[in-house]
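Engineer: My questions are about this predicted structure, shown below with the sequence.
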Amino acid sequence: MRFLIDECLSTDLTIVASAAGHEAQHVARIGKAGWKDWNVARYAAEGDFVLVTNNASDFRKIYATTALHAGLIVIVPNVGRALQSELFRAALEAVTMSGDLVNRVLEVAVEGDEATLDLYDLPQDPPA
């Protein structure tokens, strides 16, 4: 799986992904720092990257109107590098167990000392 790490998160997450056998790029390290969110989302889509971000509200809106995307991982709390890495590891384990993230969002948060995971479709299927 390929991951694009948004500039709001640590560059260390590329190392976490690589250690788990995945390819990862960080927006700042590929010369895309300062890009508008829609540009980041388009780059992720064109490269078949799962986007990893902390910017839940903006990217949920963008992905809700995107017919097909490789997936979105949202690390919900604004936390330091070490905890970001831990939460991303938990997300990678969940992705490995659930398969791909096509048109899905995985939100990772913290409750007490444990990571919580919420997986849902986006865009959502229309009601029957």
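Structural biologist: The structure has been received and is ready for your questions. Numbering: from 1, shown residues only.

Engineer: what about the chain, any weak spots by pLDDT?
Structural biologist: 125-128 (pLDDT under 70).

Engineer: Okay, strands next: where are they in it?
Structural biologist: Along the chain, counting by DSSP state E, strands occupy 2-5, 23-26, 50-53, 72-75, 104-111, 114-121.

Engineer: Quick check: which of those strands is nearest to residue 41?
Structural biologist: strand 50-53 (6.7 Å; C-beta to C-beta). Placement of C-beta: from N, CA and C, glycine included.

Engineer: Run the angle between the longest helix seen in the chain and strand 104-111 for me.
Structural biologist: When the chain is parsed with DSSP state H, its longest helix is helix 81-98. Helix 81-98 and strand 104-111 meet at an angle of 130 degrees, taking axes from the mean of the first three to the mean of the last three C-alpha atoms, to 10 degrees as the criterion.

Engineer: let's have the chain start at 61 instead
Structural biologist: Done: numbering now begins at 61, and the last item shifts to helix 141-158.

Engineer: Which elements pack onto helix 141-158?
Structural biologist: helix 72-79, strand 110-113, strand 132-135, strand 164-171, strand 174-181 (3 or more C-beta pairs under 8 Å, 6 or more residues apart in numbering; DSSP states H and E).
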